[in-house]
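Participant: Predicted model and sequence below, questions to follow.
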Amino acid sequence: MFISLEGIDGSGKSTQARLLAEALGPETLTIREPGGTEAAERIRELLADPSVELDPFAELLLFSAARADLIARVIRPAIEAGVDVVADRFADSSVAYQGGARELGTSYVLSLTDTVIDGLWPDLTVLLRVEPELGLGRADGEDRFESEGLELQRAVAEAYDEIAQIASDRVSVIDAEGSVEEVHRRVMDVVKDHGG
Ligand code: TYD
């Protein structure tokens, strides 16, 4: 199964991705976007530096380039070999951040992203929903998006809600404001409901 975890900054995705991967077993491949290949990790460094100014479309293409390399060289081979893949952010992050918050348009970024990933959408996307105020309080504030504050996180959250409606067959929304253990149980319930 190919499962992605999505949410605003500070929604607890990375912790939940780790716990989910542990629950699925030692063979599970966990990936973190942007990153996961040498080229994608270098792109990550560039994107993570808030002092580098970037046009929103260029930003989208950099995330997309990192993703295309990761898909071709890591995700697709793993899926073809029958390995479970857990992604700490994936294509929906571009739709929410570049499409929603950067205002390139969610439907535009959805269709461009569909081309970038060659239709390889996750079997299941778990959207961890927390209030933007809470998420921002938890985030360390050091990356390009966190440093832009509450308004940006609100726009991201709104775009995620839109994605959850458009892709309701694939996206499950869960309340991520409980304890780590509670949220993990909710994630596992959704995964089991999807046959995982
Ligand atoms: P990440 O390191 O996952 O941050 P965090 O652990 O705080 O969730 O992601 C870095 C930032 O990049 C994050 O603010 C979200 C953003 N992002 C996009 O804007 N578009 C994308 O396509 C992806 C994958 C991430």
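Facilitator: Yep, it's here.
Participant: For the protein, which residues are neighbours of the ligand?
Facilitator: 9, 13-14, 33-34, 63, 89, 93-94, 97-98, 139, 143, 145-146 (C-beta under 6 Å from any ligand atom). Any C-beta I mention is one placed from the backbone N, CA and C, and that applies to glycine too.
Participant: Repeat the analysis, applying 8 Å as the threshold.
Facilitator: Selection of the chain residues close to the ligand by C-beta under 8 Å from any ligand atom yields 7-11, 13-14, 32-35, 44, 47-48, 59-60, 63-64, 66-67, 88-91, 93-94, 96-98, 101-102, 139-140, 143-146, 156.
Participant: Check the average confidence over the helix ranked longest in the chain, would you?
Facilitator: Using DSSP state H, we find that the single longest helix of the chain is helix 150-166. The average pLDDT within helix 150-166 is 95.
Participant: neighbouring contacts of it?
Facilitator: Contacts of helix 150-166 from elsewhere in the structure, counted by C-beta atoms under 8 Å, 6 or more residues apart in numbering, are 6-9, 92, 95-97, 99-101, 106, 110, 127, 129, 132-133, 135-136, 145, 171, 173.
Participant: swap in stretch 172-179?
Facilitator: Counting by C-beta under 8 Å, 6+ apart, 7, 11-12, 16, 124-131, 134, 161, 164, 183, 186-187, 190, 193-194 sit against stretch 172-179.
Participant: how long is it from one end to the other?
Facilitator: Using C-alpha to C-alpha, to the nearest Å, one end of stretch 172-179 lies 19 Å from the other.
Participant: Skipping adjacent residues, who's closest to the closest residue to the ligand within the chain in space?
Facilitator: For the chain and the ligand, the shortest gap (C-beta to the nearest ligand atom) falls at Tyr97, measuring 3.0 Å. Spatial nearest neighbour of Tyr97, chain neighbours left out: Val156 (5.8 Å); criterion: C-beta to C-beta, 6 or more residues apart in numbering.
Participant: Can you tell me the number of residues neighbouring that neighbour?
Facilitator: Using other C-beta atoms under 10 Å, Val156 has 25 other residues around it.
Participant: Which parts of stretch 60-69 count as buried, going by neighbours?
Facilitator: Leu60, Leu61, Leu62, Phe63, Ser64, Ala66, Arg67, Ala68, Asp69 (16 or more other C-beta atoms under 10 Å).
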